[in-house]
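Asker: generate coordinates for the sequence data below:
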Amino acid sequence: MIHLEHINLVVKNIEKALEFYTMAFPHWKIRGGSKGEWNGKPRNWIHFGDDYHYLAFGDNGVGENRDLKDHQVGLAHFAYVTTNIKELVSRLSLAGFEPSVALDIEENKANVYYLDNDGFEIEFVQYFSDLPKLRNQYE
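Answerer: Sure, this is the predicted structure:
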């Protein structure tokens, strides 16, 4: 079996990145980190997550993230499943984060999109069924 272990994001400022991710994932913690060099440039890095999955952040980012409304090659978004999407939206709202795509509640799922402080788009989805044919409707 294969599963996704981590996503490595290059950000401008780790503390600023954590403002969003600690609110989105309140049960996660900084697992570890260090300082080093990446392709000739110094950087700090951390792993933020639980014992099985994490986000890696390196703080040597420059420039702006890709324009999500354009057609540049690159990451469009990544998604996480939540068991309580309304609570997540409320928690992020209290921290000052508003959706980039509003909460959409359908019969079998609800989803919402956010931009983090570095311009990465994250989708959160809650499924209301365990049946794959209801969770994965494409029309």
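Asker: show me the shaky parts of this structure.
Answerer: Applying pLDDT under 70 to the predicted model, the residue ranges of the chain that meet it are 139.
Asker: how would you label the residue nearest the centre of it: helix, strand or coil?
Answerer: When C-alpha atoms, centre = their mean is applied to the chain, the residue found nearest the centroid is Ile122 (4.3 Å). At Ile122 the chain is in strand, as set by DSSP: H, G, I helix; E, B strand; the rest coil.
Asker: count the residues that sit near the nearest residue to it once chain neighbours are set aside.
Answerer: Computed as C-beta to C-beta, 6 or more residues apart in numbering, the closest residue to Ile122 that is not its neighbour in sequence is Tyr114, at 5.3 Å. All C-beta spots, glycine's among them, are computed from the backbone N, C-alpha and C. Other residues lying near Tyr114 total 21 when counted by other C-beta atoms under 10 Å.
Asker: what sits against Tyr114?
Answerer: For Tyr114, the contacting residues are 20, 24, 92, 97-100, 121-122, 124, by C-beta atoms under 8 Å, 6 or more residues apart in numbering.
Asker: do Leu134 as well
Answerer: Asn108.
Asker: same thing but 10 Å
Answerer: The neighbourhood of Leu134, defined by C-beta atoms under 10 Å, 6 or more residues apart in numbering, consists of 107-109, 127-128.
Asker: do you have the helices of the protein handy? List them.
Answerer: Defined through DSSP state H, the helices belonging to the chain, from first to last, are 14-24, 85-94, 132-135.
Asker: return the most buried member of those.
Answerer: When neighbours are counted by mean count of other C-beta atoms under 10 Å, the highest per-stretch mean among the helices of the chain falls to helix 14-24, a mean of 17.
Asker: how much does that helix deviate in direction from helix 85-94?
Answerer: Comparing the axes of helix 14-24 and helix 85-94 via axes from the mean of the first three to the mean of the last three C-alpha atoms, to 10 degrees yields an angle of 140 degrees.
Asker: contacts for helix 14-24, please.
Answerer: With contacts defined as C-beta under 10 Å, 6+ apart, helix 14-24 is touched by 9, 11, 13, 25, 28-30, 33, 43-46, 48-49, 55, 57-59, 61, 80, 82, 88, 91-97, 114-118, 120, 122, 124.
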